[in-house]
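**Student:** Model the structure of this input:
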Amino acid sequence: MFRRKKHLGTVTVFEEDEPVPADNFDDLGLNDIKHKDSTNQDLNQMTAAQLESLALGTAQTGREGTQRALRMALEAREIGVSTAETMKSQTAQLEKMSEDIEVVHDYLDKSERLIDKMTKPKLVRMFQRKKGNGKGLDKVKISKKEREDREQLRDKGLDAVQLDDMSDSQKTLTLDDIDDQRDQLFDGETVTDYKRSRRGKKKEPQIKETRQIREDYSQYAAPVASVMRQQDDDLDQISDALVDMKALASAMNNELDYQDKLITEVQDFTQETARRTKDNAQKIKRIK
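**Tutor:** The predicted model follows:
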């Protein structure tokens, strides 16, 4: 084989042991065919043990990549669960604020009645109470429909997601634990299926589907088939993590909508509380 090296006048000198550049497309195609033929010849010359070793190395390399993806998926789910728990805590705080402000309004109701008794004649009070449907107050209230809509939105939020199960599956079943406990699982069952079985949930469809996949590995050598089954289990774990993250994302979006309604409610109640407190203070000043 020669390669164009330099020009000496009209003479072109080639260097040995280097490929000659292709003059046209056909030469390139012939070179590729020759390379493939040589590769096939090398594979044909390998022994069964060498081929098995090559396949095992390829399978192990593939599983290493799958394990890296699994680690990232588990970490992402862990972050999602932590964020969801923080959001639930914030929601509880907003709900407590809303309840406390409603209690403040109840006390304002009582104080206004007392102030009215002290400042207004009885006939005037009776007329105002009748006009106000027995209260004569302009307390901010939430309609029944709005409360029902809010409860439905809350039910679709993070309360609809079992965060404890997600967190438990991460903290108690790491990658090392998956490898150690893999033999303890039911045949063809993933870690998530195993945990579901302990809670009494149906798992037969998933077991049958995974068993069918495992049967396809019978044509491979035992070491290669073992690595491929382990990689298949890792892929199942990645799939479960992605499903969990999708559910988390949807629930967190609903939770944000619910929090937005709570914040609006707290703002309205706070403004009304300030207005009513100011009005009561002015009434008390007139008594003096």
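
**Student:** confidence score at I178?
**Tutor:** Here, the pLDDT recorded for I178 equals 43.

**Student:** Could you do the one 3 residues further on as well?
**Tutor:** For Q181, the model assigns a pLDDT of 40.

**Student:** and E265, what helix or strand is that in?
**Tutor:** helix 222-287 (DSSP states H and E).

**Student:** what packs against that helix?
**Tutor:** With contacts taken as 3 or more CB pairs under 8 Å, 6 or more residues apart in numbering; DSSP states H and E, helix 222-287 sits against helix 48-119, helix 144-155, helix 163-171, helix 175-181, helix 191-198, helix 204-215. (Each C-beta comes from the backbone N, C-alpha and C, glycine too.)

**Student:** average pLDDT for the third one?
**Tutor:** Across helix 163-171, the average pLDDT comes to 55.

**Student:** burial measure for A247, as a count.
**Tutor:** For A247, the neighbour count with other CB atoms under 10 Å is 17.

**Student:** One more: Q230?
**Tutor:** 18.

**Student:** same question, I287
**Tutor:** Using other CB under 10 Å, I287 has 8 neighbouring residues.

**Student:** just checking, it touches D116?
**Tutor:** No - counting by CB atoms under 8 Å, I287 sits too far from D116 to count as a contact (11.4 Å).

**Student:** Overlap of the contact sets of those two?
**Tutor:** Counting by CB atoms under 8 Å, 6 or more residues apart in numbering, I287 and D116 have no common neighbour.

**Student:** Which pLDDT value belongs to K145?
**Tutor:** 63.

**Student:** Same question for Q90.
**Tutor:** On pLDDT, Q90 comes in at 90.

**Student:** On the pLDDT front, check the closest residue to it other than its chain neighbours for me.
**Tutor:** Take Q90 and drop its neighbours on the chain: the residue closest to it by CB to CB, 6 or more residues apart in numbering is Q259, 6.7 Å away. Per-residue confidence at Q259 stands at 88 (pLDDT).

**Student:** How many residues are close by Q259?
**Tutor:** Count around Q259 with other CB under 10 Å applied: 19.

**Student:** ok, now how distant is it from A59?
**Tutor:** Distance from Q259 to A59, counting by CB to CB, to the nearest Å: 48 Å.

**Student:** What of L256?
**Tutor:** Going from L256 to A59 by CB to CB gives 44 Å.

**Student:** Repeat that for L262.
**Tutor:** As judged by CB to CB, L262 and A59 stand 52 Å apart.

**Student:** what's the answer for T86, then?
**Tutor:** Separation of T86 from A59 (CB to CB): 41 Å.

**Student:** low-scoring pLDDT stretches of the stretch 1-150 of the chain, where are they?
**Tutor:** Scanning the stretch 1-150 of the chain with the threshold set as pLDDT under 70 gives 1-52, 54-55, 120-150.

**Student:** Could you rerun that using 90?
**Tutor:** Where the stretch 1-150 of the chain drops to pLDDT under 90, the residues are 1-71, 73-89, 91-92, 94-150.

**Student:** Who has more neighbours out of T86 and A59?
**Tutor:** In terms of neighbours (other CB under 10 Å), A59 is the more surrounded of T86 and A59; the figures are 20 against 10.

**Student:** is it true that that one touches Q231?
**Tutor:** Yes - with contact defined as CB under 8 Å, A59 reaches Q231; the gap is 7.1 Å.

**Student:** Next one: G57 from R275, what distance?
**Tutor:** 76 Å.

**Student:** intersection of neighbour lists for A59 and Q231?
**Tutor:** Taking CB under 8 Å, 6+ apart as the contact rule, A59 and Q231 have no neighbour in common.

**Student:** Pop the domain breakdown of this protein in here.
**Tutor:** The chain breaks down into these domains under automatic domain parsing: 2-45, 48-287.

**Student:** residues of stretch 97-111 that come out buried?
**Tutor:** With burial defined by 16 or more other CB atoms under 10 Å, the residues of stretch 97-111 counted as buried are 97-98, 101-102, 104-105, 108.

**Student:** Report the buried residues of stretch 77-93.
**Tutor:** 77-78, 80-81, 84, 87-88, 91.

**Student:** Good, we can wrap up now.
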